[in-house]
Structures are given as C-alpha cells and as structure tokens.
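*Asks:* Model the structure of this input:
(chains A and B)
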Amino acid sequence: GNSVTQMEGPVTLSEEAFLTINCTYTATGYPSLFWYVQYPGEGLQLLLKATKADDKGSNKGFEATYRKETTSFHLEKGSVQVSDSAVYFCALTTRNFNKFYFGSGTKLNVKP
Amino acid sequence: DAGITQSPRHKVTETGTPVTLRCHQTENHRYMYWYRQDPGHGLRLIHYSYGVKDTDKGEVSDGYSVSRSKTEDFLLTLESATSSQTSVYFCAISESRGNTGELFFGEGSRLTVL
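*Replies:* Predicted coordinates for the structure are as follows:
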C-alpha cells in the first residue's frame, strides 16, 4: 500500500538554525512527492513538489530531493525564520488513483 | 488563492443529530476531496469525487456520506453525529489526474459533537 512516515515533532529551533524534517514513503508505482505547510488557523498550502526520482523541489528557501533508493523526501532549509513556524506535511500521490496520502505532520517552532 | 469556500466554518452539535458540511469551488476543478484532521493522525481521506455524481470512499469513510450534484459543490453528511467525529474537516480540490496534480485546500470547518 501507500503511506508516508515523517518525524514526530515538535521541532524547536532558534532563528537562523538549519532545519531538516525527515520523510520516508512506501508506494506502489511511481509516486509524486509533496511538502505542504499549514499556518495556524489556515488550510494546507503547497510548499514544494517533485515528480520523479532525483528531482529537487524548492521554494522560499526550502528544498527536498526525491530519493528513490532510500524512499525519502527530506525537507531542508539553511536558515529558518520565526515566520516559518508552522506544521509541515509530507505527502504522496500515485499515478493511477489521484489519491493523496499524508504523513502525520511535524510542528516547527522557531524562536527569535 | 484557489476559490474554495467551506461552510459552516464552525459548528457545535449534539450526538445523534445530522450534520452537513458544504464545499463550494469556483475553479471548475474535476476532483474534490474531504479530509479530517486530528492530532497525531495528520490528514485522513474520508471521501473523494472524480466528477459529478462520481464518488468513492477514502480510508475513514464509515459514518459519512457525500454527494456531488454539481461540479462546484461537494457535500459531506454525517447522518448521526458521534463524539468521535469531532474534528477539523478540510475540503480540497485538484484538476490534474495522476501524479502531477496539486491539492488546493479550503480553510477548514471545525465540528464539535457534544
């Protein structure tokens, strides 16, 4: 089956620290991989995506590389800001079914 | 921002009463989804629709039904609400089939069942 596992939070960092949020997946076929972000009181919004192996998605200083050999899609940012405080969700969708599978979310707290 | 409106945004109801949540989109997207979000579980798919009158079950569909009579509207109904259905419900839409599509989310509907 299809599933996504991401590291549990919360993750607390100081401003300008380096961020890594781990995400691994199990999927049939060739999935696309996504990171979504949810700010307090809002719905989720797409942060970045990668549709095939070795692709790197990037946006707003965040990056993630689709690693087929390790079935991973870890989220990284070199220098976090207080405004990055949010919940981050890793997700996948498969070619055939147009269903999206989400991880449980990782809350990030960035302190000034 | 994608034109997705959920209503009501907040609702408190009692066990055993029926509840309908509405999702309205102005994007003319083919696919529509209902998710619930609970602490420790992330987002779980309840039902989804791939066209007018075409719907299918997700992973947590028990106790829920859906209808889609028009492209723009996707209704989620709890026939007899239970306390375990207290949650935040999100509607999402997508245009592309397969593995390149992006989901656009509404702002959520917070339901409390007493």
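
*Asks:* near chain B at all, the host helix or strand of A:Thr24?
*Replies:* Element membership of A:Thr24, judged by DSSP states H and E, is strand A:23-26. No. For strand A:23-26, no contact with chain B is found by CB under 8 Å from any CB of the partner chain; the gap never falls below 11.7 Å. C-beta coordinates here come from the backbone N, C-alpha and C atoms, glycine included.

*Asks:* Run through who's touching that strand.
*Replies:* A:1-7, A:31, A:33, A:35, A:64, A:70-75, A:90, A:92, A:103 (CB atoms under 8 Å, 6 or more residues apart in numbering or on different chains).

*Asks:* can we see that at 10 Å?
*Replies:* A:1-7, A:31, A:33-35, A:64, A:66-67, A:70-75, A:88-92, A:101, A:103, A:106 (CB atoms under 10 Å, 6 or more residues apart in numbering or on different chains).

*Asks:* Which is the succeeding secondary structure element to it?
*Replies:* strand A:32-38.

*Asks:* Report all helices and strands that that next one contacts.
*Replies:* On a contact count with 3 or more CB pairs under 10 Å, 6 or more residues apart in numbering or on different chains; DSSP states H and E, strand A:32-38 meets strand A:3-6, strand A:23-26, strand A:44-50, strand A:56-59, strand A:62-65, strand A:86-93, strand A:100-102.

*Asks:* Now the closest residue to chain B within chain A: closest residue in space, sequence neighbours ignored.
*Replies:* In chain A, the residue that lies nearest chain B is A:Gly43 (3.4 Å; CB to the nearest CB). Counting by CB to CB, 6 or more residues apart in numbering or on different chains, A:Gly43 lies nearest to B:Phe105, which is 3.4 Å off, once chain neighbours are set aside.

*Asks:* Skip the chain neighbours and tell me the closest residue to residue 23.
*Replies:* Answering for chain A, as no chain was given. Among residues not flanking A:Cys23 along the chain, A:Cys90 sits closest, at 3.6 Å (CB to CB, 6+ apart).

*Asks:* let's do chain B instead
*Replies:* What sits nearest to B:Cys23 in space, not counting adjacent residues and going by CB to CB, 6+ apart, is B:Cys91, at 3.4 Å.

*Asks:* Check B:Lys53 too.
*Replies:* B:Lys53 sits nearest to B:Arg68 (CB to CB, 6+ apart), 6.3 Å away.

*Asks:* List the contacts of that neighbour.
*Replies:* Residues counted as contacts of B:Arg68 (CB under 10 Å, 6+ apart) are B:23, B:32, B:47-55, B:74-75.
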